[in-house]
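In: The sequence and its predicted three-dimensional model are supplied below.
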There are 4 protein chains.
Amino acid sequence: MKNAILLISCLDQKGITAAVTSFVFENGGNIIDANQHIDEQSNTFFMRIEWSLSGFKVSQGKIADTFKVLAKTFDMTWDLYFTGEPTKVAIFVSQHLHCLYDLLLRHKAGQLPCEISLIISNHPQAQSVAKDFGVKFVLIPVEAKNKKVQEKKQRALLVKEGVELVILARYHQILSAEFVAQFPNQIINIHHSFLPAFVGKSPYDQAYQKGVKIIGATSHFVIPQLDQGPIIEQDTVRISHRDAIEDLKRKGQDLEKIVLSRAVRWYLQRKILTYGNKTVVFE
Amino acid sequence: MKNAILLISCLDQKGITAAVTSFVFENGGNIIDANQHIDEQSNTFFMRIEWSLSGFKVSQGKIADTFKVLAKTFDMTWDLYFTGEPTKVAIFVSQHLHCLYDLLLRHKAGQLPCEISLIISNHPQAQSVAKDFGVKFVLIPVEAKNKKVQEKKQRALLVKEGVELVILARYHQILSAEFVAQFPNQIINIHHSFLPAFVGKSPYDQAYQKGVKIIGATSHFVIPQLDQGPIIEQDTVRISHRDAIEDLKRKGQDLEKIVLSRAVRWYLQRKILTYGNKTVVFE
Amino acid sequence: MKNAILLISCLDQKGITAAVTSFVFENGGNIIDANQHIDEQSNTFFMRIEWSLSGFKVSQGKIADTFKVLAKTFDMTWDLYFTGEPTKVAIFVSQHLHCLYDLLLRHKAGQLPCEISLIISNHPQAQSVAKDFGVKFVLIPVEAKNKKVQEKKQRALLVKEGVELVILARYHQILSAEFVAQFPNQIINIHHSFLPAFVGKSPYDQAYQKGVKIIGATSHFVIPQLDQGPIIEQDTVRISHRDAIEDLKRKGQDLEKIVLSRAVRWYLQRKILTYGNKTVVFE
Amino acid sequence: MKNAILLISCLDQKGITAAVTSFVFENGGNIIDANQHIDEQSNTFFMRIEWSLSGFKVSQGKIADTFKVLAKTFDMTWDLYFTGEPTKVAIFVSQHLHCLYDLLLRHKAGQLPCEISLIISNHPQAQSVAKDFGVKFVLIPVEAKNKKVQEKKQRALLVKEGVELVILARYHQILSAEFVAQFPNQIINIHHSFLPAFVGKSPYDQAYQKGVKIIGATSHFVIPQLDQGPIIEQDTVRISHRDAIEDLKRKGQDLEKIVLSRAVRWYLQRKILTYGNKTVVFE
């Protein structure tokens, strides 16, 4: 049984909720979940509404066209999704494989409603893991001098496979502005610090040198500015003077796995809306 | 500028959200916040909707009567509230005053939209605190033999002062079933353990003896069965073998203050719905 | 480079720390780490001391005999361990494989200084996982009627393999008192609740029915009384009315993995001392 | 019954622990608590040892002189303290009084072993609070042009009252380098962010604009560089898109109180050692 999901944002004004819920109801839909939020700074209205298509009078293929009229009235930005149509996903990874393993295991356990189309890496280590889980693996080594060419290969592969979401599961290469522009708010990265603290390289070393008492991890959408994209999720764990850098890495890996997988799951469930540099997550 | 708030629950069925939001919109109201939840086990629909009365066509005094018709259609259980009409509150306390202080300070800081009508205690310690904050204090000592009579006095005072919410801020007497029945889901207690663990007396001692590595606090509505009422909020803090019982008490007090004040704030903001032994909190 | 580790407990009295640290120093050892704790209720002294064997004048094989004299003076209970001699471990698992996977991955990442000698299960699901990681797998189905016989097989295997630590990584069979007696404080279980709340079967269902706002996981040594053994570690995660039982299970699994692996790591690092129903963990 | 406490740091070398614990034992002292830590990066040894003076053969006044000899052997940096001699403390505060109230209440509850000698403020709001708690209050308004003069008054007062520890409990003036130099590692500040994120002014606004999903608070020793001093303690709390700046401030205040009071308590218990830009906290 399929559901439809609408993600809506527009200038706040009277009657939006009534109009949208009536649209669903009058066409015979049963609302499964509805969430809204008004950002008071920008006077923006956000909504996520999910309803069952069982008994819905408008056929799936015509819902967008039918809703378009209403959307115009309120000058909405909106997206329509359907459950049961798994998003195609690519995972980029380098040499640290814990996030990759975690995503593959959660996928196997049915926690991530997606199809993992391929794993792309600039190193060979993930190959055997990909094989164990029966996922296509493509090795694309990247160096400063061949980066442009190799990115073209990567992008061509993503297009060919119909990938919608790119997950950077500890991929230690910075994507070019062109790459990012091709997948706006469709690339999720895990950064191993509590952003905006410790941007860039070796955040655990930075945290150790700084002497913080808590470390964190942050999942965010990728924009051309390094580690500056809209934050989706963060979490933290306590450390002490007894923890060496190795301990920070070990403790941090647990955070990374959890924080990245939550972001991916929410993306796949269409629970994230982005505005400016921020996100609304209707978890 | 006043807002109206409706808390609604009923059997889930098509069209409730559309009906309620249209009721607000068609009468010229602007929705400030709307939340809904469907409990799948019991197929119950819950909703909290808040809208601005500015420009609303139905006068405040007639909203209930007007909504009644719609409510009947869906066989709703519902309550209507208005912001800007501070709830009258009584705080019961014994000899531990940290939660009392905390509530008084938060109230002073404008975080609790209520009027603290009086403080009732079975001990004299809170008297000077009440005086510092300019709140009426009534000493009503309670012993096994005079409990019935003293509770009558307490209840008479609550009625006389028009108290809606009773807060047991570490009040170490068990209220009779009659007392509780007079204030259904209107008495909030703080229990200094992570319920259902360590019911009853001396939960910190129980936790210490058990050797747990984390302690907690729980705020809940009071029902006749001791420490069994619907849980509103809980929080936890880590302890270790280095912590003596005194440390558990000290660490726990911070939890108690936070967990109780959250529950009180949510109650005052009309964000809590109760069903069976559980709560929905639209925080 | 090997280290020696002493775990000591005895009645508290003057001079223990000085005696032990002087024992190490006078024999040419360099203390890497030293921790002590005095339990005031029982007036018990606990100590963990780790020192480098490089330059230590007593040969490894004679340290126990040499220390015995000192230990007698203070009537100590004590254990001597050496790093670089990996503990042999067996993992018991049923149908939920997330903890098993987690332990195998952490072991592979070098976070668990042990040798995983075998995996024992009453179900076949873990077989292919064991194969992927190159660990011996033994299927021993257990039913009420054959439990005694099957446990004999299990225990014989453990003895044969020289297993010191048994990890119940979501093994859904209750071990007999005889089994437990053979491995005192050597069996670590993960229980998927915040003990002592929700003992026994289906703790997530119990938590859901109770309406708690936080769930937890507990790792503990196994004693004959179900879920009553000394607690080693606990952790908690927030839930809300929006979480169905499936969500509790999903969120709880992350806790289970972390809480079990911490206990196992601390055991292997010889950081846990047990007294009565409690533990001292020198993390 | 008094205890002595030694805080020691020096280059790591064989025999330090044995020497120090033997010093205590051979003079008839009973060790209450002993903690040590080796920082591997700098090869520095840290120790905190606390022993009962009951039965100690060296009189309190001569302990320092006696220990000096041993300290020289290992080229130690060390400090000697005695329990039962309450540290004199001054609290600096501006217009936000929640941390001040919190410290006064914890002091009243016996959780802070100190004498609060005076409260200094650049605003009059705290005056009545000081009066309620019977603490001396001095109003010293500070502006850019009179800052040097006013700081002189402040410092003269601190010296006159014999103040050892200065607590900046949301004091919104930056102390001059001279002021700081007079109280090295004796000034504790609470910064209302998870440092190093959001240094300087209005950290809650910064956090709100950045769209973080967690906020924090940090207590640290003050050095001339703003918000850069050695971190003593941090804690964090989850926020969401639903939280306005006001909510961040409200939630953050609970953190500030807890994080500042922990640092103050540990300082008073002589549990903090500082090295470079970092702290060792033997909590």
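Out: Cool, the structure landed.

In: correct me, but A:Cys114 touches A:Gln269?
Out: No. The criterion here is CB atoms under 8 Å, and A:Cys114 misses it with A:Gln269 at 10.2 Å. All C-beta atoms are positioned from the backbone trio N, CA, C, and that covers glycine.

In: quick one, strands of chain A?
Out: With strands called from DSSP state E, chain A shows them at A:3-11, A:30-39, A:44-52, A:77-82, A:87-93, A:114-121, A:137-139, A:165-168, A:187-191, A:214-221, A:231-238, A:272-275, A:278-281.

In: what lines up beside the first one in the sheet?
Out: Based on DSSP bridges, the pairing partners of strand A:3-11 within the sheet are strand A:44-52 (antiparallel), strand A:77-82 (antiparallel).

In: Return the most buried member of those strands.
Out: When the strands paired with strand A:3-11 are scored by mean count of other CB atoms under 10 Å in any protein chain shown, the highest mean neighbour count falls to strand A:44-52 (a mean of 21).

In: how about the residues of the stretch 1-150 of chain A near chain D?
Out: Residues of the stretch 1-150 of chain A found near chain D (CB under 8 Å from any CB of the partner chain) are A:His37, A:Asp39, A:Glu40.

In: Of those, which ones also sit close to chain C?
Out: Near chain C, by the rule CB under 8 Å from any CB, you find none of the residues of the stretch 1-150 of chain A next to chain D.

In: Quick check: the residue of the stretch 101-250 of chain A nearest chain B.
Out: A:Arg238 (7.8 Å; CB to the nearest CB).

In: Give the burial count for the nearest residue to A:His241 once chain neighbours are set aside, as a bare number.
Out: Among residues not flanking A:His241 along the chain, D:Val280 sits closest, at 4.5 Å (CB to CB, 6 or more residues apart in numbering or on different chains). Look at D:Val280: counted by other CB atoms under 10 Å in any protein chain shown, it has 24 neighbours.

In: quick one, what contacts A:Leu175?
Out: For A:Leu175, the contacting residues are A:Glu151, A:Leu168, A:Ile187, A:Val222, by CB atoms under 8 Å, 6 or more residues apart in numbering or on different chains.

In: same question, A:Lys213
Out: A:Lys213 neighbours (CB under 8 Å, 6+ apart): A:Arg238, A:Ile239, A:Ser240, D:Ile231, D:Ile232, D:Glu233, D:Gln234.

In: Any chance of these in TSV with pLDDT as columns?
Out: Listed next are those as TSV, based on pLDDT from 0 to 100:
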residue	pLDDT
A:Arg238	97
A:Ile239	98
A:Ser240	97
D:Ile231	98
D:Ile232	98
D:Glu233	98
D:Gln234	98
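
In: Buried subset of those residues as a ChimeraX selection?
Out: Here is the ChimeraX command that picks out the buried ones among the contacts of A:Lys213, judged by 16 or more other CB atoms under 10 Å in any protein chain shown:
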select /A:239 /D:231,232,233,234
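
In: could I get the contacts of A:Lys213 as a markdown table with distance to chain C?
Out: Shown next, in a markdown table, are the contacts of A:Lys213 (distance: CB to the nearest CB, whole Å):
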| residue | distance to chain C |
| --- | --- |
| A:Arg238 | 11 |
| A:Ile239 | 11 |
| A:Ser240 | 9 |
| D:Ile231 | 20 |
| D:Ile232 | 20 |
| D:Glu233 | 18 |
| D:Gln234 | 19 |
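
In: with the contacts of A:Lys213 in mind, which one is nearest to C:Ala109?
Out: Comparing the contacts of A:Lys213 against C:Ala109 with CB to CB places A:Ile239 closest, at 18.5 Å.

In: Next, count neighbours for the residue nearest to the closest one when sequence neighbours are not counted.
Out: Closest residue to A:Ile239 apart from its sequence neighbours, by CB to CB, 6+ apart: A:Ile215 at 5.6 Å. Residue crowding around A:Ile215 was assessed by other CB under 10 Å; the count is 27.

In: A:Ile215 reaches A:Asp235, doesn't it?
Out: No. Between A:Ile215 and A:Asp235 there is no contact under CB under 8 Å: 9.9 Å.

In: contacting residues for the nearest residue to A:Lys249 once chain neighbours are set aside?
Out: In this structure, A:Lys249 finds its nearest non-sequential neighbour in A:Tyr204, 5.3 Å apart by CB to CB, 6+ apart. A:Tyr204 makes contact with A:His192, A:Ser193, A:Ile215, A:Ile245, A:Leu248, A:Lys249, A:Gly252, according to CB under 8 Å, 6+ apart.

In: backbone phi and psi for the second one, please?
Out: Translated: A:Ser193. phi -150, psi 170 (degrees, to the nearest 10).

In: how much space between it and A:Asp227?
Out: 8 Å (CB to CB, to the nearest Å).

In: Give me the common contacts of those two.
Out: Joint contacts of A:Ser193 and A:Asp227 (CB under 8 Å, 6+ apart) are A:Val199.

In: Comparing the two, which shows the higher neighbour count?
Out: Each of A:Ser193 and A:Asp227 has its neighbours counted (other CB under 10 Å); A:Ser193 has more, 24 against 19.

In: can you tell me which residues contact the residue nearest to that one when sequence neighbours are not counted?
Out: Once flanking residues are discounted, A:Ser193 sits nearest to A:Pro203: 3.5 Å by CB to CB, 6+ apart. By CB under 8 Å, 6+ apart, the contact list for A:Pro203 reads A:His191, A:His192, A:Ser193.

In: Looking at those, spot the one nearest B:Ile49.
Out: If you rank the contacts of A:Pro203 by distance to B:Ile49 using CB to CB, A:His191 comes first, at 38.2 Å.

In: Against chain D, how distant is A:Phe56?
Out: From A:Phe56 across to chain D, the span is 29 Å (CB to the nearest CB, to the nearest Å).

In: burial measure for that residue, as a count.
Out: So A:Phe56, with other CB under 10 Å, has 18 neighbours.

In: How many residues are close by A:Asn277?
Out: 16.

In: surely it meets D:Val212?
Out: No. The criterion here is CB under 8 Å, and A:Asn277 misses it with D:Val212 at 10.8 Å.

In: Compute the first-to-last residue distance for stretch A:99-117.
Out: 17 Å (CA to CA, to the nearest Å).

In: Could you tell me which residues make contact with A:Tyr81?
Out: A:Ala4, A:Ile5, A:Leu6, A:Leu7, A:Arg270.

In: separation between the last one and A:Tyr81?
Out: Yep, that's A:Arg270 we're talking about. 5 Å.

In: Show me whatever sits in contact with both of those two.
Out: A:Ile5, A:Leu7.

In: Out of the contacts of A:Tyr204, grab the one that's most surrounded.
Out: Most neighbours among the contacts of A:Tyr204, by other CB under 10 Å: A:Ile215, with 27 neighbours.

In: The closest residue in space to A:Phe74 that isn't next to it in sequence bridge partners, please.
Out: Distance criterion CB to CB, 6+ apart; nearest residue to A:Phe74, sequence neighbours excluded, is A:Cys10 at 4.9 Å. Beta-bridge partners of A:Cys10, counted by DSSP bridges, are A:Phe45.

In: give the contact list for A:Cys10.
Out: By CB under 8 Å, 6+ apart, the contact set of A:Cys10 is A:Ile16, A:Thr44, A:Phe45, A:Phe74, A:Asp75, A:Met76, A:Thr77.

In: Can you report phi and psi for the nearest residue to A:His96 once chain neighbours are set aside?
Out: Excluding the flanking residues, the one nearest A:His96 by CB to CB, 6+ apart is A:Arg170, at 4.3 Å. With angles defined as degrees, to the nearest 10, A:Arg170 sits at phi 70, psi 60.

In: Enumerate every residue touching A:Arg170.
Out: Applying CB under 8 Å, 6+ apart, we find A:Arg170 in contact with A:Val93, A:Ser94, A:Gln95, A:His96, A:Leu97, A:His98, A:Cys99, A:Leu100, A:Ile190, A:His192, A:Glu256.

In: Thank you kindly, that will do.
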